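# any chance you could fold what I've pasted below:
(chains A and B)
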Amino acid sequence: MTDHEILIRQAVEAEADQAPHAEAVLSRLRTARRKPVWPRFAIVAAAAAVVVAAVVVPSMLKDNAATDSPIAAPPARVDQNVLLVGMDGQGMADSLVLARVRVDGGISGVSLPRDTVVDEEKGWKLGSIHGRAVQAAEQAGAADDAAALAGRDALVASVQALTGVRAEHVAIVDTLSFVGLTDAVGGVRVCLVNAVKDKYSGVDLPAGEQTLSGEQALAFLRQRHNLPNGDLDRIARAAAFLGSLSEQLQTSGVLSDPQRLKGFLDAVGRAVRTDPGWDLVAFAATVTAQAPMDTKTIPYLSSEFRTETGASGISVDKEAVRAFTAEQLSGAAGGGGGAGGGTSTAHGCVN
Amino acid sequence: MRQSFDEFVAERLDRLLRYATAMTCDRHLAQDIVQEVLLRVQGKWARIDAMDASYLYVKKMVTNEYFSWRRRKAAKDISASRATLEAMAPPTGDFAGEFVERDAMRARIAGLPRQQRAAVVLRYYEDCTTAQIAQVMGCTEGTARSHLSRALSTLRAHQATADARSPEVLR
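Reported below is the predicted structural model:
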(Lines give C-alpha, C1' and ligand atoms only; values in the text may rest on other atoms or scores of the structure.)
Protein backbone atom coordinates (compact mmCIF):
# COMPACT_ATOMS: atom_id res chain seq x y z
CA MET A 1 0.00 0.00 0.00
CA THR A 2 1.46 3.33 -1.06
CA ASP A 3 1.33 6.51 1.03
CA HIS A 4 -1.18 7.78 -1.45
CA GLU A 5 -3.43 4.81 -0.82
CA ILE A 6 -2.98 5.09 2.94
CA LEU A 7 -4.12 8.68 2.73
CA ILE A 8 -7.15 7.65 0.69
CA ARG A 9 -7.95 4.99 3.23
CA GLN A 10 -7.75 7.50 6.07
CA ALA A 11 -9.89 9.99 4.19
CA VAL A 12 -12.59 7.42 3.44
CA GLU A 13 -12.51 6.27 7.03
CA ALA A 14 -12.94 9.86 8.21
CA GLU A 15 -15.88 10.28 5.86
CA ALA A 16 -17.44 7.09 7.19
CA ASP A 17 -17.07 8.47 10.71
CA GLN A 18 -19.75 11.01 9.77
CA ALA A 19 -22.30 8.21 9.51
CA PRO A 20 -25.62 8.83 11.22
CA HIS A 21 -26.42 6.84 14.30
CA ALA A 22 -28.07 3.51 13.65
CA GLU A 23 -30.90 4.29 16.02
CA ALA A 24 -32.25 6.93 13.63
CA VAL A 25 -32.74 4.28 10.97
CA LEU A 26 -33.93 1.63 13.40
CA SER A 27 -36.76 3.74 14.70
CA ARG A 28 -37.93 4.58 11.22
CA LEU A 29 -37.66 0.94 10.21
CA ARG A 30 -39.94 0.05 13.09
CA THR A 31 -42.50 2.75 12.53
CA ALA A 32 -42.43 3.41 8.80
CA ARG A 33 -45.62 2.22 7.20
CA ARG A 34 -44.53 -0.36 4.78
CA LYS A 35 -45.45 0.89 1.39
CA PRO A 36 -45.75 -1.49 -1.52
CA VAL A 37 -42.29 -2.24 -2.76
CA TRP A 38 -43.15 -2.95 -6.35
CA PRO A 39 -45.88 -0.85 -7.84
CA ARG A 40 -48.41 -2.91 -9.68
CA PHE A 41 -46.94 -4.94 -12.42
CA ALA A 42 -50.29 -5.39 -14.14
CA ILE A 43 -49.76 -8.17 -16.59
CA VAL A 44 -46.03 -7.89 -16.87
CA ALA A 45 -45.21 -10.60 -14.42
CA ALA A 46 -47.93 -12.84 -15.72
CA ALA A 47 -46.66 -12.30 -19.22
CA ALA A 48 -43.27 -13.32 -17.95
CA ALA A 49 -44.69 -16.53 -16.57
CA VAL A 50 -46.12 -17.29 -19.96
CA VAL A 51 -42.93 -16.37 -21.71
CA VAL A 52 -40.83 -18.45 -19.40
CA ALA A 53 -43.20 -21.28 -20.03
CA ALA A 54 -43.84 -20.73 -23.70
CA VAL A 55 -40.66 -19.32 -25.13
CA VAL A 56 -37.78 -19.93 -22.83
CA VAL A 57 -38.39 -23.49 -21.83
CA PRO A 58 -39.07 -24.78 -25.37
CA SER A 59 -35.88 -23.17 -26.58
CA MET A 60 -34.03 -25.06 -23.90
CA LEU A 61 -35.83 -28.19 -24.91
CA LYS A 62 -34.94 -27.70 -28.53
CA ASP A 63 -31.32 -27.26 -27.66
CA ASN A 64 -31.24 -30.15 -25.27
CA ALA A 65 -32.70 -32.36 -27.94
CA ALA A 66 -29.43 -32.06 -29.79
CA THR A 67 -27.48 -33.20 -26.77
CA ASP A 68 -29.60 -36.22 -26.03
CA SER A 69 -30.86 -35.01 -22.71
CA PRO A 70 -33.94 -36.74 -21.48
CA ILE A 71 -37.06 -34.96 -22.57
CA ALA A 72 -40.33 -34.93 -20.74
CA ALA A 73 -42.95 -37.31 -22.00
CA PRO A 74 -45.47 -35.80 -24.40
CA PRO A 75 -48.03 -34.01 -22.31
CA ALA A 76 -51.63 -35.05 -22.08
CA ARG A 77 -53.62 -33.27 -24.72
CA VAL A 78 -56.37 -31.74 -22.70
CA ASP A 79 -57.30 -28.17 -21.99
CA GLN A 80 -55.64 -26.88 -18.88
CA ASN A 81 -56.63 -23.99 -16.67
CA VAL A 82 -53.66 -22.30 -15.10
CA LEU A 83 -53.36 -19.40 -12.76
CA LEU A 84 -50.39 -17.15 -13.39
CA VAL A 85 -49.50 -14.91 -10.51
CA GLY A 86 -46.99 -12.09 -10.35
CA MET A 87 -45.98 -11.71 -6.75
CA ASP A 88 -44.22 -8.76 -5.21
CA GLY A 89 -41.50 -9.18 -2.62
CA GLN A 90 -43.98 -9.26 0.24
CA GLY A 91 -46.33 -12.02 -0.75
CA MET A 92 -48.90 -9.71 -2.32
CA ALA A 93 -50.21 -10.78 -5.69
CA ASP A 94 -49.61 -7.89 -8.07
CA SER A 95 -51.13 -9.39 -11.12
CA LEU A 96 -53.26 -12.43 -11.73
CA VAL A 97 -54.14 -14.02 -15.02
CA LEU A 98 -56.37 -17.05 -15.25
CA ALA A 99 -55.46 -18.71 -18.52
CA ARG A 100 -56.65 -21.69 -20.46
CA VAL A 101 -54.18 -23.55 -22.59
CA ARG A 102 -56.23 -25.32 -25.18
CA VAL A 103 -55.31 -28.51 -26.97
CA ASP A 104 -54.83 -26.54 -30.17
CA GLY A 105 -51.98 -24.70 -28.44
CA GLY A 106 -53.82 -21.44 -28.13
CA ILE A 107 -53.94 -19.55 -24.87
CA SER A 108 -56.58 -17.14 -23.76
CA GLY A 109 -56.82 -15.54 -20.41
CA VAL A 110 -58.70 -13.21 -18.17
CA SER A 111 -56.82 -10.67 -16.19
CA LEU A 112 -58.06 -10.32 -12.61
CA PRO A 113 -57.26 -6.95 -11.07
CA ARG A 114 -55.63 -7.40 -7.71
CA ASP A 115 -57.92 -4.81 -6.15
CA THR A 116 -61.01 -6.83 -6.95
CA VAL A 117 -62.99 -7.07 -3.74
CA VAL A 118 -63.65 -10.74 -3.07
CA ASP A 119 -65.07 -10.46 0.43
CA GLU A 120 -67.16 -7.37 0.90
CA GLU A 121 -67.80 -8.02 4.54
CA LYS A 122 -64.16 -8.19 5.49
CA GLY A 123 -63.05 -5.82 2.75
CA TRP A 124 -60.55 -8.36 1.42
CA LYS A 125 -59.14 -7.91 -2.03
CA LEU A 126 -57.91 -10.62 -4.34
CA GLY A 127 -54.31 -9.46 -4.13
CA SER A 128 -54.11 -10.06 -0.40
CA ILE A 129 -55.70 -13.49 -0.25
CA HIS A 130 -52.50 -15.43 -0.75
CA GLY A 131 -50.56 -13.43 1.83
CA ARG A 132 -53.33 -13.63 4.41
CA ALA A 133 -53.59 -17.37 4.13
CA VAL A 134 -49.83 -17.80 4.35
CA GLN A 135 -49.69 -15.62 7.42
CA ALA A 136 -52.58 -17.38 9.10
CA ALA A 137 -50.94 -20.74 8.45
CA GLU A 138 -47.60 -19.53 9.78
CA GLN A 139 -49.21 -18.20 12.91
CA ALA A 140 -50.87 -21.56 13.39
CA GLY A 141 -47.38 -23.05 13.35
CA ALA A 142 -47.25 -24.39 9.81
CA ALA A 143 -43.87 -24.95 8.16
CA ASP A 144 -42.88 -22.81 5.18
CA ASP A 145 -43.96 -25.36 2.59
CA ALA A 146 -47.30 -26.00 4.20
CA ALA A 147 -47.94 -22.29 4.56
CA ALA A 148 -47.16 -21.72 0.90
CA LEU A 149 -49.59 -24.46 -0.04
CA ALA A 150 -52.26 -22.89 2.14
CA GLY A 151 -51.71 -19.61 0.35
CA ARG A 152 -51.99 -21.22 -3.02
CA ASP A 153 -55.13 -23.14 -2.15
CA ALA A 154 -56.80 -20.05 -0.75
CA LEU A 155 -55.99 -18.14 -3.89
CA VAL A 156 -57.28 -20.89 -6.17
CA ALA A 157 -60.49 -21.10 -4.13
CA SER A 158 -60.93 -17.37 -4.24
CA VAL A 159 -60.43 -17.24 -8.00
CA GLN A 160 -62.87 -20.10 -8.44
CA ALA A 161 -65.49 -18.32 -6.35
CA LEU A 162 -64.99 -15.24 -8.48
CA THR A 163 -64.82 -16.73 -11.96
CA GLY A 164 -66.40 -20.14 -11.63
CA VAL A 165 -63.23 -21.73 -13.01
CA ARG A 166 -60.92 -23.87 -10.96
CA ALA A 167 -57.26 -23.59 -11.87
CA GLU A 168 -55.56 -26.94 -12.07
CA HIS A 169 -52.13 -25.44 -11.83
CA VAL A 170 -50.55 -22.35 -10.40
CA ALA A 171 -47.35 -20.62 -11.43
CA ILE A 172 -46.04 -17.83 -9.27
CA VAL A 173 -43.46 -15.45 -10.64
CA ASP A 174 -41.54 -13.32 -8.20
CA THR A 175 -40.97 -9.96 -9.78
CA LEU A 176 -37.58 -9.70 -8.14
CA SER A 177 -36.46 -12.62 -10.25
CA PHE A 178 -36.18 -10.47 -13.35
CA VAL A 179 -32.84 -9.40 -11.99
CA GLY A 180 -31.48 -12.92 -12.00
CA LEU A 181 -32.99 -13.87 -15.36
CA THR A 182 -31.57 -10.80 -17.03
CA ASP A 183 -28.13 -11.17 -15.52
CA ALA A 184 -28.06 -14.84 -16.39
CA VAL A 185 -28.23 -14.05 -20.11
CA GLY A 186 -25.67 -11.27 -19.79
CA GLY A 187 -28.14 -8.41 -19.98
CA VAL A 188 -31.06 -7.70 -22.26
CA ARG A 189 -30.98 -5.29 -25.17
CA VAL A 190 -33.75 -2.74 -25.52
CA CYS A 191 -34.18 0.48 -27.44
CA LEU A 192 -35.74 3.59 -25.96
CA VAL A 193 -37.23 6.40 -28.02
CA ASN A 194 -36.39 8.95 -25.36
CA ALA A 195 -34.16 9.08 -22.33
CA VAL A 196 -36.21 8.17 -19.27
CA LYS A 197 -35.89 9.02 -15.65
CA ASP A 198 -38.39 8.42 -12.91
CA LYS A 199 -37.87 8.51 -9.21
CA TYR A 200 -40.58 6.01 -8.32
CA SER A 201 -39.15 3.17 -10.32
CA GLY A 202 -35.59 4.44 -10.15
CA VAL A 203 -35.29 4.15 -13.90
CA ASP A 204 -32.63 6.38 -15.42
CA LEU A 205 -31.69 5.39 -18.94
CA PRO A 206 -30.52 7.17 -22.07
CA ALA A 207 -32.33 7.10 -25.40
CA GLY A 208 -31.35 4.53 -27.98
CA GLU A 209 -30.14 0.94 -28.05
CA GLN A 210 -28.71 -0.35 -24.83
CA THR A 211 -28.17 -3.45 -22.75
CA LEU A 212 -29.96 -3.49 -19.44
CA SER A 213 -28.51 -5.12 -16.36
CA GLY A 214 -30.86 -6.99 -14.07
CA GLU A 215 -31.51 -4.07 -11.77
CA GLN A 216 -32.03 -1.73 -14.70
CA ALA A 217 -34.43 -4.18 -16.28
CA LEU A 218 -36.52 -4.17 -13.14
CA ALA A 219 -36.72 -0.40 -13.14
CA PHE A 220 -37.47 -0.38 -16.87
CA LEU A 221 -40.36 -2.78 -16.34
CA ARG A 222 -41.58 -1.12 -13.18
CA GLN A 223 -41.91 2.42 -14.46
CA ARG A 224 -45.53 3.48 -14.46
CA HIS A 225 -45.26 7.24 -14.07
CA ASN A 226 -44.43 9.72 -16.79
CA LEU A 227 -45.14 7.39 -19.67
CA PRO A 228 -46.80 9.11 -22.64
CA ASN A 229 -49.34 6.31 -23.16
CA GLY A 230 -49.46 5.02 -19.61
CA ASP A 231 -50.07 1.34 -19.21
CA LEU A 232 -49.94 0.70 -22.95
CA ASP A 233 -46.32 1.79 -22.99
CA ARG A 234 -45.60 -0.50 -20.10
CA ILE A 235 -47.11 -3.43 -21.93
CA ALA A 236 -45.09 -2.53 -25.03
CA ARG A 237 -41.98 -2.44 -22.88
CA ALA A 238 -42.74 -5.82 -21.41
CA ALA A 239 -43.29 -7.25 -24.86
CA ALA A 240 -40.05 -5.78 -26.18
CA PHE A 241 -38.14 -6.89 -23.12
CA LEU A 242 -39.45 -10.42 -23.16
CA GLY A 243 -38.91 -10.74 -26.90
CA SER A 244 -35.35 -9.58 -26.49
CA LEU A 245 -34.79 -11.85 -23.51
CA SER A 246 -35.75 -14.92 -25.46
CA GLU A 247 -33.73 -13.80 -28.46
CA GLN A 248 -30.75 -13.16 -26.23
CA LEU A 249 -31.11 -16.64 -24.89
CA GLN A 250 -30.81 -18.09 -28.39
CA THR A 251 -27.91 -15.96 -29.52
CA SER A 252 -25.83 -15.40 -26.40
CA GLY A 253 -24.56 -18.92 -26.24
CA VAL A 254 -26.12 -19.51 -22.86
CA LEU A 255 -27.76 -22.67 -24.08
CA SER A 256 -24.56 -24.23 -25.35
CA ASP A 257 -22.43 -23.35 -22.33
CA PRO A 258 -23.15 -25.81 -19.52
CA GLN A 259 -21.92 -23.43 -16.85
CA ARG A 260 -24.10 -20.55 -18.02
CA LEU A 261 -27.02 -22.82 -18.77
CA LYS A 262 -26.94 -24.00 -15.21
CA GLY A 263 -26.96 -20.40 -14.03
CA PHE A 264 -29.91 -19.67 -16.23
CA LEU A 265 -31.85 -22.73 -15.14
CA ASP A 266 -31.24 -21.77 -11.55
CA ALA A 267 -32.61 -18.32 -12.31
CA VAL A 268 -35.68 -19.81 -14.00
CA GLY A 269 -36.12 -22.11 -11.05
CA ARG A 270 -36.09 -19.14 -8.73
CA ALA A 271 -38.30 -17.09 -11.01
CA VAL A 272 -41.19 -19.46 -11.25
CA ARG A 273 -42.69 -21.57 -8.53
CA THR A 274 -45.25 -24.06 -9.64
CA ASP A 275 -47.30 -26.57 -7.79
CA PRO A 276 -45.49 -29.86 -7.34
CA GLY A 277 -47.80 -31.76 -9.67
CA TRP A 278 -47.14 -29.49 -12.59
CA ASP A 279 -44.36 -30.24 -14.98
CA LEU A 280 -43.60 -26.84 -16.41
CA VAL A 281 -41.46 -28.27 -19.16
CA ALA A 282 -44.20 -30.56 -20.32
CA PHE A 283 -46.61 -27.69 -20.10
CA ALA A 284 -44.35 -25.55 -22.21
CA ALA A 285 -44.35 -28.18 -24.88
CA THR A 286 -48.11 -27.79 -25.23
CA VAL A 287 -47.75 -24.12 -25.96
CA THR A 288 -46.88 -23.24 -29.48
CA ALA A 289 -44.54 -20.30 -29.49
CA GLN A 290 -46.52 -18.53 -32.18
CA ALA A 291 -49.73 -18.66 -30.22
CA PRO A 292 -50.53 -15.15 -29.16
CA MET A 293 -52.04 -14.93 -25.76
CA ASP A 294 -55.32 -13.13 -25.83
CA THR A 295 -56.01 -11.58 -22.45
CA LYS A 296 -58.90 -9.40 -21.42
CA THR A 297 -59.75 -7.85 -18.11
CA ILE A 298 -62.90 -8.97 -16.33
CA PRO A 299 -65.85 -6.56 -16.33
CA TYR A 300 -66.35 -4.54 -13.18
CA LEU A 301 -69.05 -2.39 -11.64
CA SER A 302 -66.99 0.31 -10.00
CA SER A 303 -63.34 1.02 -9.45
CA GLU A 304 -64.21 3.39 -6.62
CA PHE A 305 -65.83 0.85 -4.38
CA ARG A 306 -65.26 1.50 -0.68
CA THR A 307 -64.80 -1.47 1.58
CA GLU A 308 -66.06 -1.27 5.14
CA THR A 309 -62.53 -0.58 6.24
CA GLY A 310 -62.47 2.45 3.97
CA ALA A 311 -59.99 1.15 1.42
CA SER A 312 -60.93 1.56 -2.21
CA GLY A 313 -61.30 -1.46 -4.40
CA ILE A 314 -62.96 -2.78 -7.51
CA SER A 315 -66.43 -4.24 -7.17
CA VAL A 316 -67.76 -6.81 -9.58
CA ASP A 317 -70.93 -8.67 -10.44
CA LYS A 318 -69.92 -12.29 -10.05
CA GLU A 319 -72.52 -13.53 -12.51
CA ALA A 320 -71.17 -11.21 -15.16
CA VAL A 321 -67.60 -12.18 -14.38
CA ARG A 322 -68.42 -15.86 -14.67
CA ALA A 323 -70.20 -15.47 -17.98
CA PHE A 324 -67.36 -13.34 -19.32
CA THR A 325 -64.72 -15.79 -18.14
CA ALA A 326 -66.49 -18.77 -19.66
CA GLU A 327 -66.73 -17.07 -23.03
CA GLN A 328 -63.22 -15.65 -23.03
CA LEU A 329 -61.55 -18.91 -21.99
CA SER A 330 -63.41 -20.87 -24.62
CA GLY A 331 -61.39 -18.94 -27.16
CA ALA A 332 -64.60 -17.99 -28.94
CA ALA A 333 -64.41 -14.38 -27.88
CA GLY A 334 -63.48 -13.11 -31.29
CA GLY A 335 -59.71 -13.35 -30.87
CA GLY A 336 -58.41 -10.15 -32.35
CA GLY A 337 -60.07 -7.87 -29.83
CA GLY A 338 -57.20 -5.41 -29.92
CA ALA A 339 -55.90 -4.06 -26.65
CA GLY A 340 -55.17 -7.49 -25.27
CA GLY A 341 -51.89 -8.94 -24.15
CA GLY A 342 -49.29 -7.21 -26.19
CA THR A 343 -49.05 -5.33 -29.42
CA SER A 344 -45.45 -6.32 -29.67
CA THR A 345 -43.13 -3.85 -31.24
CA ALA A 346 -40.66 -6.67 -31.76
CA HIS A 347 -37.35 -4.89 -32.30
CA GLY A 348 -38.70 -1.37 -32.47
CA CYS A 349 -37.92 1.27 -29.91
CA VAL A 350 -40.32 1.81 -27.03
CA ASN A 351 -41.32 4.81 -25.00
CA MET B 1 -26.20 -19.65 8.36
CA ARG B 2 -29.68 -18.28 8.25
CA GLN B 3 -30.52 -15.39 10.47
CA SER B 4 -33.53 -13.22 11.06
CA PHE B 5 -33.91 -9.80 9.52
CA ASP B 6 -33.50 -8.22 12.93
CA GLU B 7 -30.26 -10.09 13.50
CA PHE B 8 -29.00 -8.99 10.13
CA VAL B 9 -29.83 -5.38 10.92
CA ALA B 10 -28.25 -5.57 14.35
CA GLU B 11 -25.09 -6.98 12.87
CA ARG B 12 -24.79 -4.93 9.69
CA LEU B 13 -26.62 -1.64 10.02
CA ASP B 14 -23.65 0.30 11.39
CA ARG B 15 -21.41 -0.98 8.66
CA LEU B 16 -23.96 -0.22 5.96
CA LEU B 17 -24.45 3.32 7.22
CA ARG B 18 -20.71 3.90 7.30
CA TYR B 19 -20.33 2.48 3.81
CA ALA B 20 -23.20 4.59 2.47
CA THR B 21 -21.88 7.71 4.15
CA ALA B 22 -18.40 7.20 2.75
CA MET B 23 -19.86 6.62 -0.71
CA THR B 24 -22.34 9.49 -0.75
CA CYS B 25 -20.32 11.95 1.37
CA ASP B 26 -23.68 12.94 2.81
CA ARG B 27 -24.92 11.44 6.05
CA HIS B 28 -28.54 12.42 5.46
CA LEU B 29 -28.62 10.92 2.03
CA ALA B 30 -26.87 7.84 3.41
CA GLN B 31 -29.56 7.46 6.03
CA ASP B 32 -32.37 7.82 3.51
CA ILE B 33 -30.82 5.32 1.15
CA VAL B 34 -30.01 2.69 3.75
CA GLN B 35 -33.44 3.04 5.24
CA GLU B 36 -35.17 2.78 1.87
CA VAL B 37 -33.17 -0.31 1.01
CA LEU B 38 -33.70 -2.00 4.36
CA LEU B 39 -37.44 -1.52 4.05
CA ARG B 40 -37.26 -3.38 0.77
CA VAL B 41 -34.96 -6.01 2.22
CA GLN B 42 -37.37 -6.55 5.10
CA GLY B 43 -40.12 -7.40 2.63
CA LYS B 44 -38.14 -10.08 0.88
CA TRP B 45 -35.88 -11.21 3.64
CA ALA B 46 -36.46 -14.92 3.23
CA ARG B 47 -35.14 -14.74 -0.31
CA ILE B 48 -32.15 -12.61 0.51
CA ASP B 49 -31.27 -14.62 3.59
CA ALA B 50 -31.10 -17.71 1.43
CA MET B 51 -28.34 -16.18 -0.70
CA ASP B 52 -24.70 -17.03 -0.14
CA ALA B 53 -23.67 -13.42 0.14
CA SER B 54 -26.64 -11.58 1.54
CA TYR B 55 -24.58 -8.68 2.86
CA LEU B 56 -22.95 -8.23 -0.53
CA TYR B 57 -26.37 -8.24 -2.15
CA VAL B 58 -27.73 -5.63 0.24
CA LYS B 59 -24.64 -3.56 -0.34
CA LYS B 60 -25.35 -3.82 -4.03
CA MET B 61 -28.88 -2.58 -3.43
CA VAL B 62 -27.55 0.36 -1.43
CA THR B 63 -25.08 1.19 -4.17
CA ASN B 64 -27.73 0.99 -6.87
CA GLU B 65 -30.10 3.08 -4.85
CA TYR B 66 -27.45 5.76 -4.74
CA PHE B 67 -26.67 5.53 -8.44
CA SER B 68 -30.31 5.97 -9.32
CA TRP B 69 -30.96 8.67 -6.76
CA ARG B 70 -32.18 11.81 -8.43
CA ARG B 71 -29.08 13.21 -9.98
CA ARG B 72 -29.84 16.86 -9.46
CA LYS B 73 -30.39 16.49 -5.74
CA ALA B 74 -27.29 14.40 -5.26
CA ALA B 75 -25.13 16.76 -7.28
CA LYS B 76 -26.28 19.69 -5.20
CA ASP B 77 -25.70 17.87 -1.96
CA ILE B 78 -22.24 16.77 -2.90
CA SER B 79 -21.08 20.19 -3.97
CA ALA B 80 -22.52 21.56 -0.75
CA SER B 81 -20.69 19.04 1.39
CA ARG B 82 -17.54 19.55 -0.61
CA ALA B 83 -17.74 23.27 0.10
CA THR B 84 -18.11 22.45 3.77
CA LEU B 85 -15.08 20.25 3.63
CA GLU B 86 -13.01 22.79 1.80
CA ALA B 87 -13.91 25.36 4.40
CA MET B 88 -12.30 23.03 6.90
CA ALA B 89 -9.14 22.76 4.87
CA PRO B 90 -7.23 25.96 5.82
CA PRO B 91 -4.39 24.91 8.07
CA THR B 92 -4.55 25.88 11.69
CA GLY B 93 -0.94 25.07 12.53
CA ASP B 94 1.75 22.43 12.09
CA PHE B 95 -0.09 20.08 14.36
CA ALA B 96 -3.04 20.01 12.05
CA GLY B 97 -0.95 19.29 8.98
CA GLU B 98 -1.81 15.64 8.86
CA PHE B 99 -5.52 16.26 9.26
CA VAL B 100 -5.43 19.03 6.72
CA GLU B 101 -3.97 16.64 4.21
CA ARG B 102 -6.54 14.00 5.04
CA ASP B 103 -9.48 16.36 4.86
CA ALA B 104 -8.25 17.78 1.60
CA MET B 105 -8.26 14.21 0.30
CA ARG B 106 -11.80 13.81 1.61
CA ALA B 107 -12.84 16.83 -0.38
CA ARG B 108 -11.17 15.50 -3.51
CA ILE B 109 -12.86 12.13 -3.11
CA ALA B 110 -16.18 13.91 -2.64
CA GLY B 111 -15.58 15.61 -5.98
CA LEU B 112 -15.24 12.35 -7.92
CA PRO B 113 -18.08 11.12 -10.12
CA ARG B 114 -20.43 8.79 -8.26
CA GLN B 115 -19.26 5.56 -9.85
CA GLN B 116 -15.61 6.30 -9.31
CA ARG B 117 -16.24 7.27 -5.71
CA ALA B 118 -18.15 4.06 -5.11
CA ALA B 119 -15.26 2.06 -6.56
CA VAL B 120 -12.78 3.84 -4.29
CA VAL B 121 -14.88 3.24 -1.18
CA LEU B 122 -15.41 -0.39 -2.07
CA ARG B 123 -11.70 -0.91 -2.51
CA TYR B 124 -10.30 1.14 0.35
CA TYR B 125 -13.07 0.91 2.90
CA GLU B 126 -14.76 -2.39 2.20
CA ASP B 127 -11.55 -4.07 1.00
CA CYS B 128 -13.31 -5.57 -1.99
CA THR B 129 -11.54 -7.38 -4.78
CA THR B 130 -12.06 -6.05 -8.28
CA ALA B 131 -14.49 -8.89 -8.93
CA GLN B 132 -16.54 -7.94 -5.88
CA ILE B 133 -16.52 -4.29 -6.88
CA ALA B 134 -17.85 -5.25 -10.28
CA GLN B 135 -20.51 -7.40 -8.69
CA VAL B 136 -21.68 -4.68 -6.33
CA MET B 137 -21.64 -2.01 -9.01
CA GLY B 138 -23.29 -4.24 -11.57
CA CYS B 139 -20.59 -3.76 -14.17
CA THR B 140 -17.76 -5.78 -15.69
CA GLU B 141 -14.43 -6.15 -13.94
CA GLY B 142 -12.84 -4.11 -16.69
CA THR B 143 -15.19 -1.23 -16.01
CA ALA B 144 -14.60 -1.49 -12.28
CA ARG B 145 -10.87 -1.42 -12.83
CA SER B 146 -11.20 1.61 -15.06
CA HIS B 147 -13.35 3.49 -12.52
CA LEU B 148 -10.74 2.80 -9.92
CA SER B 149 -7.72 3.77 -11.98
CA ARG B 150 -9.36 6.95 -13.22
CA ALA B 151 -10.27 7.89 -9.67
CA LEU B 152 -6.75 7.20 -8.45
CA SER B 153 -5.11 9.23 -11.17
CA THR B 154 -7.47 12.15 -10.51
CA LEU B 155 -6.71 12.00 -6.82
CA ARG B 156 -2.99 11.74 -7.49
CA ALA B 157 -2.96 14.66 -9.91
CA HIS B 158 -4.79 16.83 -7.42
CA GLN B 159 -2.46 15.78 -4.69
CA ALA B 160 0.56 16.68 -6.80
CA THR B 161 -0.89 20.14 -7.29
CA ALA B 162 -1.65 20.39 -3.60
CA ASP B 163 1.86 19.28 -2.65
CA ALA B 164 3.40 21.80 -4.99
CA ARG B 165 1.35 24.51 -3.38
CA SER B 166 1.63 23.30 0.17
CA PRO B 167 4.81 25.15 1.27
CA GLU B 168 3.23 28.55 0.89
CA VAL B 169 -0.12 27.32 2.16
CA LEU B 170 1.36 25.88 5.31
CA ARG B 171 3.85 28.58 6.14
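# pLDDT value on A:Pro20, please?
Looking at A:Pro20, its pLDDT is 84.
# so it, which of the three states?
Three-state call for A:Pro20 (DSSP: H, G, I helix; E, B strand; the rest coil): coil.
# now the one 3 residues further on
When classified by three-state DSSP, A:Glu23 comes out as helix.
# help me confirm that A:Ser108 is found in a helix?
No: under three-state DSSP, A:Ser108 sits outside any helix and is assigned strand.
# how many other residues sit next to it?
For A:Ser108, the count of nearby residues is 25 (other CB atoms under 10 Å in any protein chain shown). (C-beta placed from N, C-alpha, C; glycine too.)
# thought it was touching A:Ala326?
No: if you go by CB atoms under 8 Å, A:Ser108 and A:Ala326 don't touch, sitting 11.4 Å apart.
# distance-wise, check the residue nearest to A:Pro228 when sequence neighbours are not counted relative to A:Leu212.
With sequence-adjacent residues excluded and distances taken as CB to CB, 6 or more residues apart in numbering or on different chains, A:Pro228 is closest to A:Asn351, at 5.3 Å. To A:Leu212, A:Asn351 is 15 Å away according to CB to CB, to the nearest Å.
# more crowded one of those two?
Per other CB under 10 Å, whichever of A:Asn351 and A:Leu212 has more neighbours is A:Leu212, with 24 against 18.
# show me what contacts the closest residue to the more buried one other than its chain neighbours?
Counting by CB to CB, 6+ apart, A:Leu212 lies nearest to A:Val188, which is 5.2 Å off, once chain neighbours are set aside. By CB atoms under 8 Å, 6 or more residues apart in numbering or on different chains, the contact list for A:Val188 reads A:Thr182, A:Thr211, A:Leu212, A:Ala217, A:Phe241, A:Ser244, A:Leu245, A:Gln248.
# report the separation between A:Val188 and chain B.
A:Val188 sits 13 Å away from chain B, going by CB to the nearest CB, to the nearest Å.
# re the thing from before, quick check, the residue nearest to A:Pro228 in contact with A:Gln223.
No: the pair A:Asn351 / A:Gln223 is not scored as a contact, 9.8 Å apart, by CB under 8 Å.
# hey, what's in contact with both of these two?
Joint contacts of A:Asn351 and A:Gln223 (CB under 8 Å, 6+ apart) are A:Arg237.
# could you list the domains of chain B?
B:1-69, B:74-171 (automatic domain parsing).
# list the buried residues for stretch A:315-331?
A:Ser315, A:Val316, A:Val321, A:Arg322, A:Phe324, A:Thr325, A:Gln328, A:Leu329, A:Gly331 (16 or more other CB atoms under 10 Å in any protein chain shown).
# quick one, strands of the chain?
This is for chain A. All strands of chain A, identified by DSSP state E, fall at A:80-87, A:93-101, A:107-112, A:117-119, A:124-125, A:169-174, A:188-192, A:196-198, A:203-205, A:208-212, A:272-274, A:293-297, A:302-306, A:312-315.
# and chain B, is stretch A:133-142 touching that?
No: Stretch A:133-142 stays clear of chain B (CB under 8 Å from any CB of the partner chain), getting no nearer than 11.1 Å.
# what sits up against that stretch?
For stretch A:133-142, the surrounding residues in contact (CB under 8 Å, 6+ apart) are A:Gly91, A:Ala146, A:Ala147, A:Ala148, A:Ala150, A:Gly151, A:Asp153, A:Ala154, A:Leu155.
# what sits closest to B:Ala110 if chain neighbours are left out?
Here the residue nearest B:Ala110, using CB to CB, 6+ apart, is B:Cys25, at 4.1 Å.
# what about the one you found, neighbour count?
So B:Cys25, with other CB under 10 Å, has 27 neighbours.
# same thing with A:Pro206?
Neighbour tally, A:Pro206, other CB under 10 Å: 11.
# report the separation between it and A:Val193.
Distance from A:Pro206 to A:Val193, by CB to CB: 11 Å.
# on that earlier part again, separate out the buried members of the contacts of A:Val188.
A:Thr182, A:Leu212, A:Ala217, A:Phe241, A:Ser244, A:Leu245, A:Gln248.
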